[in-house]
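Chemist: Predicted model follows, preceded by the sequence.
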Amino acid sequence: MYDSSNFSASGIEFIPLPGNHETDASKKNSSGDKVEYPESANLAAWITWVETNQFVRADNGPSGKEEMKRDLLAEDNNQTLTYSFDDINTGVHYILLNTDSLSTVSNPRLPEKTVPSWAPLHWVERDLVKASNNPNIKRIVVLAHKPLVLDNPGPHDIVHNTAPYTLGDSLLKLFSETPKFSGYFSAHSHQWLYTDKLGPRQNVTQVIAGNAGSKLISKWAPEDGTYFGFTVVNLYDDNTIGVVSYARPAPTPYNSLAPQPAAKPSMEIIFPVVGHANTEMKSTVH
């Protein structure tokens, strides 16, 4: 679909990253609850697919016994699931974060399996330090599937954040203390949601762009009605980030085969890079 679309000729690079539908399996526990967990065979299949189709931008993710042990990862297959790369032309460091990594931590709801929503915290920490110390990097952007924060999340819906492994809180703290951090962009929850002032310093912004076309969650009720679409993120030279949600009304049924209107841009939301929190906030019509 990508190769045959106009998008492939746009000059915008296509970089897929895994989510729970690529990495996880599920099973009912003794209470009859459906429990998700990372499945090694699924992860291996994803790695084969992205490598075969040459969609891997880098392979510098967690590897080696010590690094794996530090992040409680189960297998040495993470280099192309979580990784990072620099776009020197624009001074941007990108982190692609697999939020369903296979860990060694037992799942309390299904003890023979491991917990879902795991992420390699210490690898991210070291990667942030390296990017922060690089004078050629002006901004750091994190792309992931599962959000860090969500109202009333289910047991599989946000990055693991249950004691003693509070990965979500720890990542928010890391981002809040990284002056070049420029936003956490995720999906998973089938809605569009902009949330700022997160983390201990209330300076982290998260965008959930989960409204690409899957059936939208019933509790999402925007004032003008639900919508499908895509999101464009603009990185400006004045150390601000702009987010534009392109939207079209969600039809009934949601997967209607009838022709649909083109998505139209909403008002641009602009927020500062973490280290420039005093930058004047503004919104513009795009």
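Modeler: Now that the structure is in, tell me what you want to look at. Quick caveat: nothing in here was measured; it's all calculated off a predicted structure.
Chemist: Might one say that Ala25 is in contact with Glu39?
Modeler: Yes: using CB atoms under 8 Å, Ala25 is in contact with Glu39, at 4.0 Å. For glycine as for every other residue, the C-beta is placed from the backbone atoms N, C-alpha and C.
Chemist: The two: who's more crowded?
Modeler: The residue with the greater number of neighbours, taking Ala25 and Glu39 and applying other CB atoms under 10 Å, is Glu39; the counts read 19 against 14.
Chemist: which residue ranges form the helices in the protein?
Modeler: 20-23, 40-52, 65-70, 121-132, 167-176 (DSSP state H).
Chemist: Would you mind finding the most buried of those helices?
Modeler: Highest mean neighbour count of the helices of the chain: helix 167-176, a mean of 20 (counted as mean count of other CB atoms under 10 Å).
Chemist: elements contacting that helix?
Modeler: In terms of contacts (3 or more CB pairs under 8 Å, 6 or more residues apart in numbering; DSSP states H and E), helix 167-176 is packed against helix 121-132, strand 161-162, strand 181-186, strand 204-209.
Chemist: can you redo these as JSON lines with distance to Asn89?
Modeler: Below are those laid out as JSON lines (distance: least, CB to CB, whole Å):
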{"stretch": "helix 121-132", "distance to Asn89": "16"}
{"stretch": "strand 161-162", "distance to Asn89": "36"}
{"stretch": "strand 181-186", "distance to Asn89": "16"}
{"stretch": "strand 204-209", "distance to Asn89": "23"}
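Chemist: Quick one: closest of those to Arg109.
Modeler: Put simply, out of these the one that sits nearest Arg109 is strand 161-162, at 10.8 Å, with distance taken as CB to CB.
Chemist: Sheet partners, orientation included, of that closest one?
Modeler: For strand 161-162, sheet partners with direction are given as strand 165-166 (antiparallel), following DSSP bridges.
Chemist: for the partner strand, the distance to its chain's centre please.
Modeler: 18 Å (CA atoms, centre = their mean, to the nearest Å).
Chemist: can you list the residues that contact that strand?
Modeler: By CB atoms under 8 Å, 6 or more residues apart in numbering, the residues outside strand 165-166 that reach it are Leu72, Val105, Val115.
Chemist: Which of the residues you listed ranks first by neighbour count?
Modeler: Greatest neighbour count in these, by other CB under 10 Å, goes to Val115: 27 neighbours.
Chemist: wait, that one sits on Val159?
Modeler: No: shown here, Val115 and Val159 do not form a contact pair, counting by CB under 8 Å, at 10.9 Å.
Chemist: For Met1, find the nearest of the helices and strands packed on helix 167-176.
Modeler: Evaluated with CB to CB, the helices and strands packed on helix 167-176 place strand 204-209 nearest to Met1, the distance being 18.6 Å.
Chemist: Okay, angle between that closest one and helix 167-176 too, please.
Modeler: For strand 204-209 and helix 167-176, the angle between their directions (axes from the mean of the first three to the mean of the last three CA atoms, to 10 degrees) works out to 120 degrees.
Chemist: was I right about Ile217 contacting Ser189?
Modeler: Yes: taking contact to mean CB under 8 Å, the distance of 6.4 Å between Ile217 and Ser189 places them in contact.
Chemist: what residue ranges in the stretch 51-200 of the chain score low on pLDDT?
Modeler: Across the stretch 51-200 of the chain, the stretches falling below the confidence threshold (pLDDT under 70) are 76-77.
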